[in-house]
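Q: mind looking at a prediction? Sequence and model below.
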Amino acid sequence: MMGDSEFETGTDDELLVEVRNLRTKFKTDNGTLVAVDDIDFSVREGETVCIVGESGSGKTVATESITGLIKQPPGKIEGSVEFRGQNLSEMTEQELRQIRGNGIAHIFQNPQEAMNHCYSIGWQIVEAIQIHDDSVSDTQARARAVDLLDRVGIANASARFDDYPHEFSGGQKQRVMIAMALVGNPDLLIADEPTTALDVTVQGQILDLLNELQEEFGMGILFVTHDLGVVAEIADRIVVMYSGKVMERGDVFDIFDRPAHPYTQELLKCLPGHGKGLGGIPGSLPDPTDPPDGCRFADRCQHAVAACRTGEQPDEIEIESDHHVSCVHYGPGYDSTVLRDPELETAAEDTREGIVDD
Ligand SMILES: Nc1ncnc2c1ncn2[C@@H]1O[C@H](COP(=O)(O)OP(=O)(O)OP(=O)(O)O)[C@@H](O)[C@H]1O
Ligand code: NI
């Protein structure tokens with residue numbers, strides 16, 4: 001959601017989730033693959049944070065590490081995740097399951113896979129309700145399920161209760177998944193590319209629904225996407241990931257207006273109507289089992305200098321309040337104005353107008 005950032009105070013007590021030094025690696029046949037490599041980000045109460053980046057940058061692994069959905073082994077999660085003052089990284093699997101039922105719900109890209117094809121939609125929600133609270137009778141659970149289906153915009157909810165998954169369209173299935181996620185009244189909804197498989201119109205409807213539900217229930221949303229158009233529609237803040245690292249993070253207006261990292265700038269230039277079209281950024285991500293020294297993006301960056309190819313990924317620098325960037329050019333002794341791109345500034349203006357018009 002955009003436009004209410006003037007009401008955000010940015011104080012720590014409204015933090016919902018704080019992720020610090022998160023590192024998730026996998027043992028593979030080609031050696032250790034560090035999918036998420038020492039990243040920080042947070043979600044505040046009631047806001048939408050979008051994690052954005054190309055395929056393979058570690059978005060899914062980062063979000064699935066929050067509640068320990070990554071299988072360990074072969075995975076290994078390090079670092080700390082605080083959720084409302086509780087340290088999830090120290091919890092047992094059983095405690096985490098409790099959190100997944102109540103505090104933090106996930107919805108995934110492909111509802112097809114997350115559903116059981118042998119049970120009606122209604123009974124799947126009833127089951128979720130009764131797992132959540134086993135004192136609820138079938139009748140009560142059925143009423144609540146119909147209510148939830150209605151709430152997520154399934155027309156004739158009570159008549160559709162006994163229908164099977166294959167009788168629902170892709171968009172409707174995603175609505176049902178959202179209904180299931182709402183069963184435990186989550187404080188945080190993690191949505192991993194939930195609209196990627198849907199056509200643009202249906203995608204817009206689902207995004208509208210999430211916005212409405214957020215207003216109604218006040219939940220925070222952590223939304224994974226590679227589509228900056230989607231980001232413009234729903235994000236309050238953005239985390240830009242590349243090759244397991246965070247390149248830039250901050251308020252959506254600041255980043256669309258003044259994208260600081262060359263990677264973010266390239267992503268924005270790929271937005272339709274902003275010059276590059278659908279070709280994407282030339283080049284590809286580094287080998288995740290053997291990432292290069294220095295900035296992970298250096299090989300594809302037109303501004304790379306020798307210092308970008310040595311040492312570690314540059315430390316994040318806070319270039320304005322709540323706007324962090326990991327790029328050599330913002331360090332002492334460098335002049336970040338070399339990164340300015342007139343093509344991008346026009347694009348930013350158009351995008352901003354697009355956002356304000358909405
Ligand atoms: N279970 C696993 N075992 C080994 N490697 C994995 C595993 N899961 C993910 N990876 C690797 O971790 C890296 C990050 O993957 P991830 O799925 O998080 O990317 P993503 O940003 O979500 O991409 P996409 O946009 O395609 O969903 C990739 O190199 C991927 O191959
Ligand atoms: Ni993913």
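A: Received the coordinates, thanks. Residues are numbered from 1 along each chain as shown. Ligands and ions are numbered 1, 2, ... in the order given.
Q: and the stretch 251-358 of the chain, which residues reach ligand 1?
A: Pro288 (Cβ under 6 Å from any ligand atom). For glycine as for every other residue, the C-beta is placed from the backbone atoms N, C-alpha and C.
Q: quick one, what contacts the nearest residue to Gln112 once chain neighbours are set aside?
A: With Cβ to Cβ, 6 or more residues apart in numbering as the criterion, Gln112 has its nearest non-adjacent residue at 6.8 Å, and that residue is Lys173. Applying Cβ atoms under 8 Å, 6 or more residues apart in numbering to Lys173 gives the contacts 111-112, 115, 165.
Q: and Lys173, what's its pLDDT?
A: Looking at Lys173, its pLDDT reads 94.
Q: doesn't it lie inside a helix?
A: Yes: the assignment for Lys173 (DSSP: H, G, I helix; E, B strand; the rest coil) places it in a helix.
Q: against Leu188, how distant is it?
A: Distance, Lys173 to Leu188, by Cβ to Cβ, to the nearest Å: 22 Å.
Q: which parts of stretch 212-229 are buried?
A: Within stretch 212-229, the residues scored as buried using 16 or more other Cβ atoms under 10 Å are 213-214, 219-228.
Q: contacting residues around the residue in the stretch 1-150 of the chain that ligand 2 sits nearest to?
A: Closest approach between the stretch 1-150 of the chain and ligand 2, counting by Cβ to the ion: Thr60, at 3.0 Å. For Thr60, the contact set (Cβ under 8 Å, 6+ apart) comprises 192, 224.
Q: that one sits in which helix or strand?
A: helix 59-66 (DSSP states H and E).
Q: check which element follows that helix along the chain.
A: In N-to-C order, the element after helix 59-66 by DSSP H and E is strand 75-83.
Q: in that following strand, what counts as buried?
A: The neighbour-count check on strand 75-83 (16+ other Cβ under 10 Å) flags 75, 77, 79, 81-83 as buried.
Q: and what of stretch 64-72?
A: Buried residues in stretch 64-72 (16+ other Cβ under 10 Å): 64-70.
Q: just stretch 46-62 next, same as before
A: 46-54, 56-62.
Q: give me the nearest residue to Glu316, chain neighbours excluded.
A: That would be His324: by Cβ to Cβ, 6+ apart, it lies 4.3 Å from Glu316.
Q: could you look up the SS state of the residue of the stretch 201-350 of the chain found nearest ligand 1?
A: Across the stretch 201-350 of the chain, the shortest distance to ligand 1 (Cβ to the nearest ligand atom) belongs to Pro288, at 4.0 Å. The three-state assignment at Pro288 reads coil, by three-state DSSP.
Q: and the helices in the stretch 201-350 of the chain, which stretches?
A: Ranges of helices in the stretch 201-350 of the chain, per DSSP state H, counting those that start in this stretch, are 228-234, 252-257, 262-269, 342-357.
Q: Leu33 is nearest to which of those helices?
A: Leu33 lies closest to helix 262-269 among the helices of the stretch 201-350 of the chain, at 20.6 Å (Cβ to Cβ).
Q: and Ala348, what pLDDT?
A: In this prediction Ala348 is given a pLDDT of 63.
Q: so how many other residues sit close to the closest residue to Ile121 other than its chain neighbours?
A: Computed as Cβ to Cβ, 6+ apart, the closest residue to Ile121 that is not its neighbour in sequence is Val176, at 5.4 Å. Around Val176 there are 25 other residues, counting by other Cβ atoms under 10 Å.
Q: give me the buried positions along stretch 166-182.
A: Neighbour-count burial for stretch 166-182 flags 168, 170-182 (criterion: 16+ other Cβ under 10 Å).
Q: dump it to PDB, keeping only the CA atoms.
A: Extracted C-alpha coordinates of stretch 166-182, given in PDB (Å, rounded to 0.1, in the frame of the first residue of the first chain):
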ATOM      1  CA  HIS A 166     -10.500 -28.600  -9.900                       C
ATOM      2  CA  GLU A 167     -13.800 -26.800 -10.000                       C
ATOM      3  CA  PHE A 168     -12.100 -23.500  -9.100                       C
ATOM      4  CA  SER A 169     -10.100 -21.200 -11.400                       C
ATOM      5  CA  GLY A 170      -6.500 -20.300 -10.700                       C
ATOM      6  CA  GLY A 171      -7.500 -17.000  -9.200                       C
ATOM      7  CA  GLN A 172     -10.200 -18.600  -7.000                       C
ATOM      8  CA  LYS A 173      -7.800 -21.200  -5.800                       C
ATOM      9  CA  GLN A 174      -5.400 -18.500  -4.700                       C
ATOM     10  CA  ARG A 175      -8.300 -16.800  -2.900                       C
ATOM     11  CA  VAL A 176      -9.000 -20.100  -1.100                       C
ATOM     12  CA  MET A 177      -5.300 -20.300  -0.100                       C
ATOM     13  CA  ILE A 178      -5.600 -16.800   1.300                       C
ATOM     14  CA  ALA A 179      -8.700 -17.900   3.300                       C
ATOM     15  CA  MET A 180      -6.700 -20.800   4.700                       C
ATOM     16  CA  ALA A 181      -3.900 -18.500   5.700                       C
ATOM     17  CA  LEU A 182      -6.300 -16.200   7.500                       C
END
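Q: name the nearest residue to Leu268, ignoring sequence neighbours.
A: Using Cβ to Cβ, 6+ apart, the closest residue to Leu268 is Pro259 (5.4 Å).
Q: err, Thr195, not the other one
A: Gln203 (3.9 Å).
Q: was I right about that neighbour contacting Val230?
A: Yes: with contact defined as Cβ atoms under 8 Å, Gln203 counts as touching Val230 (7.5 Å).
Q: quick check: neighbours shared by those two?
A: Thr195.
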